[in-house]
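A.B. asks: Output the structure for:
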Amino acid sequence: MVRLGMRCAAMLAAVLGLSSCGSDDSDDGPTDDGGQAREALTPVALLTRASLDLRGVRPQLSELSRIEAHPEEVDEMIATFVDDPAFGERVKDMFAGAWRTRIDTYRLPAEAYEGENAALTHAAIGEEPLNLIAYIALNDLSFATLLESPDTFVDPRLMELWPLEPVDDDNGMKLPPGVVRARYVDGRPAAGVLSMNAVYWRHASTVENANRGRANALSQALLCQSYLDRPIDFPSDLDLTDSESIRTAIATNPACQGCHSTLDPLASYLWGFNYGDVDQPRPEYSAANERAWQVYTDAAPGFFGKTGDRMVDLAAHVASDERFVACTVRRVYEGMLGRRSTLSDEGALAVHREAFIEGGLRLKSLARSILTDPSYRGEAWEPRFGGAPEPVYDKVAPVGVLSSSLIDLSGYALTYDGRPATRLDVALRPLAGGSDRGDTTNVSTGAVLVQRRLAQAGALFAVDTAVAGESSGGRLDEFLAGADLESTPSSEDLVALVRLVRSETLEAADPEIDALLGVWAEVAEIESPTDAWVAVVTAALADPNHLLY
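C.D. replies: Numbering: from 1, shown residues only. Below you'll find the model as predicted:
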């Protein structure tokens, strides 16, 4: 068990950010904690990383065998991963932090709580904007469709909650799993994500706030720019408890105007979604309320100096803004590299921005460009636009990837009230480093505990179903069906197990195989052979390789 323990120690050090990259005067390049120079990802490691990032699962054994035999074919293979149906779900995870709609509960009308499971209604609402993004990715459409689509894509349970009618799709377009194509029929402008109930139910506003918080949420989601990040110098004589004093300052004080001159016109587009009572959002859009800005702020709708009238004008302005393109590139880049971008990444971002534009603003083109990024492959480089991006040698699996890969292997999904436990703050999401802001680049040592819990439950489920002669739905089924679960595993059994669950090929005499045999023997002394198999499968699924890749 020594080697397993060393791997766990290394994993914890990496999660805590304690690993060293070497001293400034080293001539050997970045190093690990042992002082050895770090190397770029091997073809098999690159295959595994790309599969987890773009499909949420480990490579198939056939894919692994092909790259082991022909490592020069890895680029060709991983470029096809964006054509996998699972790519849509991974793209949703990358953008979840932008829209922040995956929250535990929404404020719902009373009738929404009727039925068997209101929790699923909360979940369905949160997926609305992300379903459109998945639809765009699956059908290789321009990302401008996010602002131009006349349709939404929702869980069928929302068809009765909101003013929607189904839309027939006879063009063979691919839909995200479990959704229907629909269209709002209450007179709202058709402006893609800007017309969705989920966005405004998530980002509520009082009349006094005048949709400013919502406008900032849109700026942050679409442009990667938050007004809250700007320095604010309040006038010392401003009475923040007096509404009229605040309105006067917003209209006349230069310090306030620095933000409000662009924030308020953006907010003026959103009055059709202002419900007055924040606790009871309405399903219907109010076209009659669109010009309420004339009463409350007297700021005509506009987008950074470009005037407009209705939401479709705002959508057109955003779609043509370079910041919209740059923000999209940044989100996918950070999602795939597993870290926040810095000034050193600007040159790389410019390279991928060019590829994104040349590819017609298609997410598949952008993802393929990032797959070729040396930093993504653990290599140092200097982009032609400047900068020196930090190579990604190891990255911590976001909770979504960790969960989906273990489900794929074991068939076991941990749920709470019918919803994935790793997507709920009341369950495992915060412990694993996630939040409604998304889990793409968050890191938490609690992810180790979540991994162990999922590994234990998944192993027990997979082995128990195999003993019962049933199917767990996971990729472990075939392996367990061919194993004698009443006897000691052979070294070859454990080599096959490691290859399946960790995408690594070890020799039968490898010390780690001996360590796994030791696990089986120790448990078998006090429990049944089947329990010992559960322990071995648990150890394989709980290996640090699943959390660092």
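
A.B. asks: Please count neighbours and contacts with C-alpha atoms only from this point.
C.D. replies: OK.

A.B. asks: most centrally placed residue in the protein?
C.D. replies: For the chain, residue 93 is the residue whose C-alpha lies nearest the centre (C-alpha atoms, centre = their mean; 2.1 Å).

A.B. asks: worst-scoring helix or strand of this protein, pLDDT-wise?
C.D. replies: Taking mean pLDDT, DSSP states H and E as the measure, the helices and strands of the chain show their lowest mean at helix 2-15, namely a mean of 36.

A.B. asks: Just name whatever secondary elements the helix or strand just after that helix is in contact with.
C.D. replies: Note on helix 2-15: by DSSP states H and E, the next helix or strand toward the C-terminus is helix 43-55. Taking 3 or more C-alpha pairs under 8 Å, 6 or more residues apart in numbering; DSSP states H and E as the contact definition, the neighbouring helices and strands of helix 43-55 are helix 61-69, helix 74-79, helix 87-99, helix 399-410.

A.B. asks: For residue 392, which non-adjacent residue is spatially closest?
C.D. replies: Spatial nearest neighbour of residue 392, excluding adjacent residues (C-alpha to C-alpha, 6 or more residues apart in numbering): residue 378 at 4.7 Å.

A.B. asks: wait, isn't the one you found in contact with residue 41?
C.D. replies: Yes. Between residue 378 and residue 41 a contact is recorded at 5.7 Å, counting by C-alpha atoms under 8 Å.

A.B. asks: any common contacting residues for those two?
C.D. replies: Residues touching both residue 378 and residue 41 by C-alpha atoms under 8 Å, 6 or more residues apart in numbering: residue 393.

A.B. asks: Name the spans of the stretch 201-350 of the chain whose pLDDT lies under the cut-off.
C.D. replies: Of all residues in the stretch 201-350 of the chain, those with pLDDT under 70 make up the ranges 230-258, 260, 277-279.

A.B. asks: Equivalent analysis for the chain, please.
C.D. replies: Under the criterion pLDDT under 70, the flagged ranges of the chain are 1-37, 110-116, 170, 230-258, 260, 277-279, 439-443.

A.B. asks: if you set the cut-off to 90 instead, what comes out?
C.D. replies: Low-confidence segments of the chain (pLDDT under 90): 1-39, 107-119, 168-172, 206-209, 227-261, 275-281, 296, 395-396, 398-399, 430-447.

A.B. asks: tell me the domain ranges of it?
C.D. replies: 2-38+396-546, 88-316, 321-393 (automatic domain parsing).

A.B. asks: What count of nearby residues applies to residue 208?
C.D. replies: In terms of burial, residue 208 registers 12 neighbours under the definition other C-alpha atoms under 10 Å.

A.B. asks: swap that for residue 305, sorry
C.D. replies: Residues within reach of residue 305, counting by other C-alpha under 10 Å, total 10.

A.B. asks: so who does it touch?
C.D. replies: Residue 305 is in contact with residue 262, counting by C-alpha under 8 Å, 6+ apart.

A.B. asks: try it again with 6 Å
C.D. replies: Not one residue lies near residue 305 by C-alpha atoms under 6 Å, 6 or more residues apart in numbering.

A.B. asks: With adjacent residues omitted, what lies nearest to residue 102?
C.D. replies: Distance criterion C-alpha to C-alpha, 6+ apart; nearest residue to residue 102, sequence neighbours excluded, is residue 126 at 4.6 Å.

A.B. asks: Backbone dihedrals for that neighbour, both of them.
C.D. replies: Recorded main-chain torsions at residue 126 are phi -60, psi -20, according to degrees, to the nearest 10.

A.B. asks: Count the residues that sit near it.
C.D. replies: Using other C-alpha under 10 Å, residue 126 is surrounded by 27 other residues.

A.B. asks: surely it meets residue 104?
C.D. replies: No. With contact defined as C-alpha atoms under 6 Å, residue 126 does not reach residue 104; the gap is 8.9 Å.

A.B. asks: could you pull out the helices for the stretch 151-300 of the chain?
C.D. replies: Residue ranges of the helices in the stretch 151-300 of the chain, as given by DSSP state H, counting those that start in this stretch, are 158-161, 197-202, 212-223, 243-252, 254-267, 293-296.
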